[in-house]
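*Asks:* need the 3D shape of this:
(chains A and B)
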Amino acid sequence: MKKELTIFDNPENAKKVRIILYVLCALLFLGDVFVHKHGHFGWDEWFGFFAIYGFVCCVGLVLAAKHWLRTLTKRDEDYYD
Amino acid sequence: MIDLPPALIFIFGAFFIPFIKGKAKSAFLVLLPVVGFINLLFLPEGIHWTVNFLGFQLVFGKIDKLSMVWGYIFHIISFISIIFALHVKKDLDYWATFVYAGSALGVVFSGDLISLFFFWEMMTIGSVCLVLARRTKAAYEAALRYSVVHIVGGLFLLAGIVIHANTTGSIEFKYLGLSNLGTYLIFLGFGVNCAWPILHAWLPDAYPEATITGTVVLSAFTTKTAVYVLARAFPGTPILIVIGTIMTAFPIFYAVIENDLRRVLSYSLINQVGFMVVGIGIGTEMSINGTAAHAFSHIIYKALLFMSMGSVLHMTGKINGTDLGGLYKTMPITAVFCMIGAASISGFPLFSGFISKSMVITATGDGHYTLVWLVLMFASAGVFHHSGIKIPYFAFFAHDSGIRTKEPPLNMMIAMGIAAFLCIFIGIFPGLLYSILPYPVDFVPYTGAHVMEMLQILFFSALAFTYLMVNGIYPPELKAINLDTDWLYRKGSKLFLRLARNPVEAIDTCFGQLYMNLVTKPGLKVAQGIWKIFDVEIIDGLVNQVAIFAKDCGQYIRHLQTGHVRNYALMMVVGFVVILYFFIG
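*Replies:* Numbering: from 1, shown residues only, chains lettered A, B, ... in the order given. All right, here's what the predicted structure looks like:
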């Protein structure tokens, strides 16, 4: 049997991945300063618009799916049997 | 060199499959799409292979830039998915794959509505076989529902074609627009295969029940053929913008809470087709180019994602998020392939989704469709969330499920490798794809602003996922199913039957009584009167016969009345179509 990869068995490594993500997010957010934007609507040229929109959308999506859709539609696996 | 209709090579070739054995069969299966592709490369633009049929001109080869985009990608994906399936030992699977793919090519290259309808229905047959080939009870039932939905959709298409042909006297397949009742019905028939909202439930119902290799094939053809016919016949139809926008948004909510990972991919398939439908609805050169480009790159990365999940299912026998996790330890290469597919569907710069999806989004911005633009951006973030992060995370990382397996067979790895290579190649060198699009491309994907916008959206979506995960807010995968509109015909029809049975029975009894009072009883009374007048000995037999005949008639009519409700429904649909036909004709 081939040797297994175990890199993420160490919680420290998973934490390192998260830290890299945080740093990249911060850099991208600040990177808005250096990019010349040419939006279609005006407000899409606001500083950090895409970053904030992406974050808010995803949190909203998950909360809506969890609290509303799941409440409405969840059934047992043998519901149709 | 002899030019052949692309559909013919696949469908004719399919019938030789059972007669070839062993290594020769594998070689034949792989060579068939290659031969088809070479044939395609040499097809000159224009109208080819016309046949006269009952006074109509059937066209089996309408070759132009639009149909060629679909022609190329359908050959490429047939090649990849047949390599992925080479370990399968059942002829039915191969036969169905080539009949199905060949029929899709038939639709794409048909220049008239009659041959289009013929290939359209053959696609249903091929695809149903791919679901049935799983040979489980769930697959059998899903295939039955799948075929009923598509047969009904096909009926709408047929009725539309008949009415359209009667109204305009033309069966040519070209720009139709919503101009008469016929084209509305054609539009609706296309919409069933395109998985429009409410009509979509067949897709997440059937695709996850198909075979491991069948789902890969299915993901490529039915919906994308529908996208093609809509792009051909209904570009610039505003309602498509609304339909497409809804398609991009609602499936991602389902994808977040769905446990079966192939079903998650089915929902994200609808979401991606939504982008294409929006592009058709806008109808500018830029947006139609975007639709064609997105169909091309989508087919490859979606197949790659289904192949990676198929490999997981093949090796572990499990596909639910609740049962998986930690597979990166023993399937690292598959995990990498999956993440390449995930990066592509999410539209990461340097991957194929980025250079195609951004064309559609830019087209909505150019047209100042503010709300549509906002929803498409939301959908871009959402698709990254569930296809980009959730799929690889729950299958390969998350908690360790304890499953120890190994990489899938070599043929599966090669197929995923080719698809992964193409995802990156198209992403880095978009020029080649842009050069085959229907219109000249005036679009530069890699500008600082584009790249920055997309990276911000994606990384902050990942940040949101991490935030929700770390704080325990993210909904856990549950061993459960989620209701969708297929409830209407899976549970609703039973409810309807139960409700309907009483009124139907009442009407039946009423008719029986009416008949008894109006025919049988008077008949008996008359017979009695006659008996009083004439000699019993002479008339007796005759009267009995009349009464018996009348009773038999009553029995017969009663049987007619008690027929199954679905027969009534069918008769109503048929009657409706016939009435429409005469009304319009």
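*Asks:* who in the stretch 251-400 of chain B is up against chain A?
*Replies:* B:252-254, B:256-257, B:328-330, B:332, B:365-366, B:368, B:370, B:373, B:377-378, B:381-382, B:385, B:397, B:400 (CB under 8 Å from any CB of the partner chain). Bear in mind the C-beta positions are built from the backbone N, C-alpha and C, glycine included.
*Asks:* does B:Ser287 count as helix, strand or coil?
*Replies:* helix (DSSP: H, G, I helix; E, B strand; the rest coil).
*Asks:* so it touches B:Gly279, yeah?
*Replies:* Yes - using CB atoms under 8 Å, B:Ser287 makes contact with B:Gly279 at a distance of 4.2 Å.
*Asks:* of the two, which one has the most company?
*Replies:* B:Gly279 (34 against 28; other CB atoms under 10 Å in any protein chain shown).
*Asks:* related to what we said a few turns ago, any residues in contact with both of B:Ser287 and B:Gly279?
*Replies:* Counting by CB atoms under 8 Å, 6 or more residues apart in numbering or on different chains, the shared contacts of B:Ser287 and B:Gly279 are B:Met359, B:Val360, B:Ala363.
*Asks:* check which helix or strand the second one maps to.
*Replies:* Spelled out, that is B:Val360. Assigning secondary structure by DSSP states H and E places B:Val360 in helix B:352-366.
*Asks:* and that helix, which residues are buried?
*Replies:* B:352-365 (16 or more other CB atoms under 10 Å in any protein chain shown).
*Asks:* please apply the same query to stretch B:283-294.
*Replies:* Quick answer for stretch B:283-294 (16+ other CB under 10 Å): B:Gly283, B:Met286, B:Ser287, B:Ile288, B:Asn289, B:Gly290, B:Thr291, B:Ala292, B:Ala293, B:His294.
*Asks:* so B:Gly388 touches B:Ser344, yeah?
*Replies:* No - contact between B:Gly388 and B:Ser344 fails when scored by CB under 8 Å: they sit 9.2 Å apart.
*Asks:* these two: which is more packed in?
*Replies:* Comparing B:Gly388 with B:Ser344 by other CB under 10 Å, the one with more neighbours is B:Ser344, at 33 against 29.
*Asks:* what secondary structure does that one sit in?
*Replies:* helix.
*Asks:* quick check: it touching B:Phe351?
*Replies:* Yes - the pair B:Ser344 / B:Phe351 is scored as a contact, 4.1 Å apart, by CB under 8 Å.
*Asks:* low-scoring stretches of chain A, by residue?
*Replies:* A:1-3 (pLDDT under 70).
*Asks:* can you map out the strands along it?
*Replies:* A:74-75 (DSSP state E).
*Asks:* check what pLDDT the residue in the stretch 301-450 of chain B that chain A sits nearest to gets.
*Replies:* Nearest to chain A in the stretch 301-450 of chain B, going by CB to the nearest CB, is B:Gly365, at a distance of 3.5 Å. pLDDT for B:Gly365: 93.
*Asks:* list the contacts for it?
*Replies:* A:Gly39, A:His40, A:Phe41, B:Trp373.
*Asks:* recalculate using a threshold of 10 Å.
*Replies:* Listed by CB atoms under 10 Å, 6 or more residues apart in numbering or on different chains, the contact set of B:Gly365 reads A:Gly39, A:His40, A:Phe41, A:Asp44, B:Ser358, B:Val372, B:Trp373, B:Leu376, B:Met377.
*Asks:* wait, the first one sits on B:Thr362?
*Replies:* No - with contact defined as CB atoms under 10 Å, A:Gly39 does not count as touching B:Thr362 (11.0 Å).
*Asks:* state the mean pLDDT of the helix or strand encompassing B:Val108.
*Replies:* For B:Val108, the host element (DSSP H and E) is helix B:91-109. Mean pLDDT, computed over helix B:91-109, is 95.
*Asks:* which strands or helices does that helix pack on?
*Replies:* helix B:6-14, helix B:22-41, strand B:56-63, helix B:65-84, helix B:113-132, helix B:212-233 (3 or more CB pairs under 10 Å, 6 or more residues apart in numbering or on different chains; DSSP states H and E).
*Asks:* now the first one against strand B:56-63, angle please.
*Replies:* Right, the one you point to is helix B:6-14. 90 degrees (axes from the mean of the first three to the mean of the last three CA atoms, to 10 degrees).
*Asks:* how about helix B:6-14: buried residues?
*Replies:* Those would be B:Pro6, B:Ala7, B:Leu8, B:Ile9, B:Phe10, B:Ile11, B:Gly13, B:Ala14, for helix B:6-14 by 16+ other CB under 10 Å.
*Asks:* do the same with the third one
*Replies:* Within strand B:56-63, the residues that count as buried by 16+ other CB under 10 Å are B:Phe56, B:Leu58, B:Val59, B:Phe60, B:Gly61, B:Lys62, B:Ile63.
*Asks:* list of residues touching that strand?
*Replies:* B:3-8, B:40, B:43-52, B:67, B:71, B:106, B:108-116, B:118-119, B:165, B:170-174, B:232.
*Asks:* please enumerate the helices of chain A.
*Replies:* All helices of chain A, identified by DSSP state H, fall at A:11-31, A:49-64, A:70-73.
*Asks:* among those, which is nearest B:Leu488?
*Replies:* helix A:70-73 (13.2 Å; CB to CB).
*Asks:* which strands and helices sit next to the closest one?
*Replies:* Using 3+ CB pairs under 10 Å, 6+ apart: helix A:70-73 touches helix B:238-257, strand B:481-482.
*Asks:* looking at those, which is buried most?
*Replies:* helix B:238-257 (a mean of 22; mean count of other CB atoms under 10 Å in any protein chain shown).
*Asks:* chain center to that helix: distance?
*Replies:* Computed by CA atoms, centre = their mean, to the nearest Å, the chain-centroid distance of helix B:238-257 equals 15 Å.
*Asks:* average pLDDT for it?
*Replies:* Helix B:238-257 comes out at a mean pLDDT of 95.
*Asks:* mind checking what helix or strand follows that helix in sequence?
*Replies:* Next along from helix B:238-257, by DSSP H and E: helix B:261-282.
*Asks:* before we move on, back to that, what's the closest of the helices and strands packed on helix A:70-73 to B:Ser127?
*Replies:* Once these are compared by CB to CB, helix B:238-257 is nearest, at 19.9 Å.
*Asks:* the stretch 1-150 of chain B against chain A: which residues are in contact?
*Replies:* B:Lys137, B:Ala138, B:Glu141 (CB under 10 Å from any CB of the partner chain).
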